[in-house]
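1. Quick one, what's the 3D model for this:
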Amino acid sequence: MLKSTRLKPVIKIAQNREDDAALALNEYRKVIDQQEARMIELRQYHTEYTQRLNDSGRNGLNIAQINDYRHFIARLAVAVKQQEEQLASCEAQLKEKHDAWMLTRVRHQALDKVVDRYQQQEHQASEKREQFESDERSQHMGRNKRPE
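-> Residues are numbered from 1 along each chain as shown. Modelled structure (predicted):
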């Protein structure tokens with residue numbers, strides 16, 4: 001059995017690993033998108049309620065209402081901060097998943113190069129063998145045509 005043929009199962013495993021890593025990476029990008037959307041939403045709420053407080057303050061809110069707004073805005077600020085930390089953590093995990101995918105991709109490409117090299121060697125060996133057999137046939141035919 002040829003070396004290149006024996007490596008086909010190994011190449012298939014490498015391809016599957018690369019595909020799995022790419023799928024995990026793409027799925028995690030969706031998580032990042034969701035986390036970013038959540039952060040944008042929280043920031044918008046914070047801005048909106050801060051603006052409401054400013055606008056309502058001019059229209060005469062009582063102290064209790066102002067304090068309620070301020071507490072709610074403070075909780076929103078905490079939520080924004082926590083979401084920023086969550087997003088940073090997710091981005092670090094995304095980088096790890098990207099690095100893992102790149103590693104599987106590099107390994108797969110290296111195996112492909114090895115198989116290509118084996119196939120070239122096998123092709124050259126086959127051509128040499130065919131040339132040798134052709135030369136042998138020519139010599140054999142040449143011997144049979146000579147008068148003795």
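2. For Glu18, give its distance to Gln124.
-> Between Glu18 and Gln124 the computed distance is 29 Å (C-beta to C-beta, to the nearest Å). Where you see a C-beta, it was placed from the backbone N, CA and C, and this is true even at glycine.
3. Counting neighbours around each, name which of these two comes out higher.
-> The neighbour count for Glu18 versus Gln124, taken as other C-beta atoms under 10 Å, is higher for Glu18 (19 against 10).
4. is it true that that one touches His108?
-> Yes: with contact defined as C-beta atoms under 8 Å, Glu18 reaches His108; the gap is 4.7 Å.
5. Can you name every helix or strand that the longest helix seen in the chain contacts?
-> For the chain, the longest helix by residue count, based on DSSP state H, is helix 63-145. Counting contacts by 3 or more C-beta pairs under 8 Å, 6 or more residues apart in numbering; DSSP states H and E, helix 63-145 is packed against helix 3-6, helix 8-58.
6. and that helix, what's its mean pLDDT?
-> If you average the pLDDT over helix 63-145, you get 90.
7. And stretch 8-23, by the same measure?
-> 93.
8. how about it: buried residues?
-> Residues Ala14, Arg17, Glu18, Ala21, Ala22 are the ones in stretch 8-23 that count as buried (16 or more other C-beta atoms under 10 Å).
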